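Trainee: coordinates for the following, if possible.
(one chain, ligands or ions: 1)
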Amino acid sequence: MVPEVTDDPGLGGTRTTDGGWWRSAAVYQVYVRAFADGSGDGIGDLAGVRSRLTYLRDLGVDALWFNPWYPSPWADGGYDIIDYRAVDPAFGTLADAEQLIAEARSLGLRTIVDVVPNHVSDQHPWFRAALAAGPGAPERDWFWFRPGRGARGDDPPNGWVSHFGGPAWTRAKNPDGTPGEWYLHLFAPEQPDLNWDHPDVRREHEDVLRFWFDRGVAGVRIDSAALLVKHPDLPEVDDDHGPGEHAYVDRSELHDIYARWRAVADAYDEPRVLVGEVWVPDPERMALYLRPHELHTAFNLDFLQAPWDAHRLRTSIDGTLAAHAAVGAPATWVLSNHDVTRPVTRYGRADTSFAFETKRAGTPTDLALGQRRARAAALLAMALPGSVYVYQGEELGLPEVEDIESSRRQDPMHHRSGGIDPGRDGARVPLPWSGDRPPYGFSPPGTEIDPEATLPQPDGWAALTAEAQLADPGSMLRLYRAALRLRHGEPDLGDGALRWLDPADAGVLAFARGERFACVVNLSDAPAALPPHERLLLTSAALDADGRLGPDTAAWLRLPSPPNEIREHEWSGQ
Ligand code: TEU
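Mentor: Below you'll find the predicted structure:
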């Protein structure tokens, strides 16, 4: 492959990689509503992002992924879209988005937008037209309308369950107001699923891709990418299905769709990048999406869910790298996003894995322990081969906000579980930028906060503001900045291979990148010796008096030159 030079303003110099920028990128995820409020209405917006672009450049990331910024009734955090070619008025205008894309690019930050192909808002013109047209009309074929079961059609067409709880079907009214057909929604009732067997649906989405690519976005994140295609007969879910034959997850027909999207992306002089949100547990099935003619990368959701355990992490890393190597795709490393518990909280609990099913409020949490582990986890993720994602607030070490009153929560996951599941709002609270009380610089001074529209920030976040952390050399923000800068300057980090350096202690993960860079993470409960090294580049916490790495601590090392083979007699890890 021809080496490509990627721009790297703000960090000095340029970086050469063998493939595209996305193979090594650090991507920052922006959940606009909670990032920064520029207009002074208490809601984050594009003006707020524009005012903070230098913060993002100085953090040292290469690209920004924006959660949906389109017009939306906000039934599911913006994943219920009315118009895929516009910006929600609460966030700004299309012109603001264009300006943001251009300004970010001039600072060396590429833009990735979220596309949501599985479903639209129930307020989208297509769904309104389908409802108005009534049963049998061609407009209904854009969606999955079916008569109910039972003598009067009172029962849903099948037993599929929504991801947010309850049936995946809602009964629509006929145009005359009488009970009518049911429509499918794998998520909330306000998110009717599109019928991807319909050529209009395919054409429309390819056109939406071009719309944003033409405006200079460097790529798209594809929401719920494994769910688009349904078995045409809508059979009951059968766990004994063959590969690619589940009723609606990971069906083989999806690959034609993404091959077409790849052709759209490749038609640009600077080819655009497709990033899939693919929740498919089998690494080999997952790798099929990453073949050279399909998606470029996908989120590593296996790693995201893995507990803080050396063996489980190593298994996840090895499985990931093997599956990706088979198709020549770079891996990605993700510690958090807008759907999951904040790492500082998750790692401070007895069960450090993530699962939607087990989210419960009131779980005992040791935040100091969680913070220590989250710092080490960040150095691990940034040292692994491939690209890395940082979800806004992760770099500030924000904990999950757990005491939001039910009436102020916005997430349908919470409300549809009857309040049992706390939902995802605790990771979507407005960022603290400065000052010592809410809104911590999130909104301009004097802004009146509408409690209906804005999730409450906790008291006690003064030490977590970006301003306070910039002044504190021991802060999470300073660690992220230092690590991302080092990562940029290390030619062996990002895309490439990994070589395990095996200490005797099974609780230590140690690997080399290239000849002279090593990352060591101590997940045991005893201090661990470091391998022979020339220099410590960065640690997530100070070494002990004997120069050993404490529990839940990570170090980046410069290995000696000429590189020594590390043998067990030299380094026991103890
Ligand atoms: O999430 C897709 C998804 O399947 C999970 O994150 C989901 O929340 C979980 O499986 C529930 O069991 C994406 C978005 O990231 C999420 O915010 C949206 O709510 C969802 O799609 C619907 O668009």
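Trainee: how about the helices in this structure?
Mentor: 46-51, 53-59, 94-106, 125-133, 199-214, 254-266, 283-288, 301-305, 310-327, 343-346, 367-383, 412-416, 466-470, 476-489 (DSSP state H).
Trainee: residues of the shortest one that come out buried?
Mentor: For helix 343-346, the buried set under the neighbour-count rule, 16 or more other C-beta atoms under 10 Å, comprises P343, V344, T345, R346. In this view, the C-beta of every residue, glycine as well, is placed from N, C-alpha and C.
Trainee: one more: the first one?
Mentor: Applying a neighbour-count criterion of 16+ other C-beta under 10 Å, one finds L46, A47, G48, V49, R50 buried in helix 46-51.
Trainee: average model confidence for that helix?
Mentor: Mean pLDDT, computed over helix 46-51, is 98.
Trainee: export that helix as PDB, just CAs?
Mentor: Extracted in PDB, the C-alpha atoms of helix 46-51 (Å, rounded to 0.1, in the frame of the first residue of the first chain):
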ATOM      1  CA  LEU A  46     -22.900  23.100  17.700                       C
ATOM      2  CA  ALA A  47     -21.800  26.700  18.700                       C
ATOM      3  CA  GLY A  48     -20.700  25.100  22.000                       C
ATOM      4  CA  VAL A  49     -18.600  22.500  20.200                       C
ATOM      5  CA  ARG A  50     -17.100  25.200  17.900                       C
ATOM      6  CA  SER A  51     -16.100  27.200  21.000                       C
END
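Trainee: what helices and strands are in contact with it?
Mentor: Counting contacts by 3 or more C-beta pairs under 8 Å, 6 or more residues apart in numbering; DSSP states H and E, helix 46-51 is packed against helix 94-106.
Trainee: so the helix it packs on versus helix 199-214, what angle?
Mentor: Interaxial angle of helix 94-106 relative to helix 199-214 (axes from the mean of the first three to the mean of the last three C-alpha atoms, to 10 degrees): 50 degrees.
Trainee: packing partners of helix 94-106?
Mentor: helix 46-51, helix 53-59, strand 110-115.
Trainee: which parts of it are buried?
Mentor: L94, D96, A97, L100, I101, A104, R105.
Trainee: likewise stretch 132-146?
Mentor: G134, E139, R140, W142, F143, W144, F145, R146.
Trainee: would you pull up how far that stretch lies from the middle of the chain?
Mentor: 34 Å (C-alpha atoms, centre = their mean, to the nearest Å).
Trainee: what does stretch 542-562 give?
Mentor: In terms of C-alpha atoms, centre = their mean, the centre of stretch 542-562 is set 30 Å apart from its chain centre.
Trainee: quick one: P68 from G166, how far?
Mentor: Plainly put, P68 is 23 Å away from G166 if you go by C-beta to C-beta, to the nearest Å.
Trainee: which among the buried residues of helix 343-346 gets closest to P451?
Mentor: Using C-beta to C-beta, T345 is the member of the buried residues of helix 343-346 that sits closest to P451, with 23.5 Å.
Trainee: count of residues packed around whichever residue of the stretch 1-150 of the chain sits closest to the ligand?
Mentor: Here the residue of the stretch 1-150 of the chain nearest the ligand is Y79; by C-beta to the nearest ligand atom that distance is 3.3 Å. Other residues lying near Y79 total 25 when counted by other C-beta atoms under 10 Å.
Trainee: repeat that for P89.
Mentor: 9.
Trainee: in contact with the closest residue to the ligand within the stretch 101-250 of the chain: list those residues for me.
Mentor: Residue nearest to the ligand within the stretch 101-250 of the chain: H163 (3.9 Å; C-beta to the nearest ligand atom). Neighbour list for H163: L186, F187 [criterion: C-beta atoms under 8 Å, 6 or more residues apart in numbering].
Trainee: which positions in the stretch 151-300 of the chain make contact with the ligand?
Mentor: Proximity of the stretch 151-300 of the chain to the ligand, by C-beta under 6 Å from any ligand atom, involves residues H163, F187, D223, S224, E277, W279.
Trainee: ranking these by neighbours, who comes first?
Mentor: F187 (25 neighbours).
Trainee: from memory that one sits against S121, does it?
Mentor: No. Using C-beta atoms under 8 Å, F187 and S121 do not qualify as a contacting pair, with a distance of 11.1 Å.
Trainee: any low-confidence regions in the chain?
Mentor: 1-18, 563-570, 572-574 (pLDDT under 70).
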